[in-house]
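S.K.: All I have is the shape, not the residue letters:
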Ligand SMILES: [Zn+2]
């Protein structure tokens with residue numbers, strides 16, 4: 001059974017579209033403001049260079065950032 005998280009926007013009639021992570025295909029976790037509790041970011045992270053889409057925090061931390069560092073260190077290698 002898959003549980004779907006509901007996003008409460010607060011404003012009636014204002015629908016927020018939760019995107020799916022382009023890497024793990026799970027819904028991207030919405031970010032809430034720590035003080036006001038307001039939803040302020042639902043678009044996740046840039047999944048590049050893994051792919052062209054958006055990704056969730058988990059994939060960003062475990063896949064995208066390591067991959068980025070990997071490429072950076074490969075690019076700056078001069079073979080010396
Ligand atoms: Zn993900």
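M.R.: Arrived safely, thanks for sending. Bear in mind the structure is a predicted one, so any value in this text is a computation, not a measurement. Residues are numbered from 1 along each chain as shown.
S.K.: what sits up against the biggest helix by length in the chain?
M.R.: Ranked by number of residues, the top helix in the chain under DSSP state H is helix 65-75. Contact with helix 65-75 is made by 49, 50, as judged by C-beta atoms under 8 Å, 6 or more residues apart in numbering. For glycine as for every other residue, the C-beta is placed from the backbone atoms N, C-alpha and C.
S.K.: let's see 10 Å
M.R.: Contacts with helix 65-75, where a contact means C-beta atoms under 10 Å, 6 or more residues apart in numbering, come from 45, 46, 47, 48, 49, 50, 59, 60.
S.K.: Need the buried ones from those selected in PyMOL.
M.R.: Here is the PyMOL selection string for the buried members of these, based on 16 or more other C-beta atoms under 10 Å:
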select buried, resi 45+47+50+59+60
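S.K.: In CSV, list the contacts of helix 65-75 along with pLDDT, distance to the ion and secondary structure.
M.R.: Below are the contacts of helix 65-75 laid out as CSV (pLDDT from 0 to 100; distance: C-beta to the ion, whole Å; DSSP: H, G, I helix; E, B strand; the rest coil):
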residue, pLDDT, distance to the ion, secondary structure
45, 96, 9, strand
46, 97, 13, strand
47, 97, 8, coil
48, 96, 14, coil
49, 96, 15, coil
50, 97, 10, coil
59, 97, 3, helix
60, 97, 8, helix
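S.K.: quick one: the helices in this structure?
M.R.: According to DSSP H, the helices that the chain contains are 57-59, 65-75.
S.K.: Can you lay out these as CSV showing distance to residue 21?
M.R.: Below are the helices of the chain laid out as CSV (distance: least, C-beta to C-beta, whole Å):
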stretch, distance to residue 21
helix 57-59, 6
helix 65-75, 14
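S.K.: Tell me how far the longest helix of the chain lies from the chain's centre.
M.R.: How far helix 65-75 lies from its chain's middle: 18 Å, per C-alpha atoms, centre = their mean, to the nearest Å.
S.K.: buried sites along that helix?
M.R.: Going by 16+ other C-beta under 10 Å, helix 65-75 has no buried residues at all.
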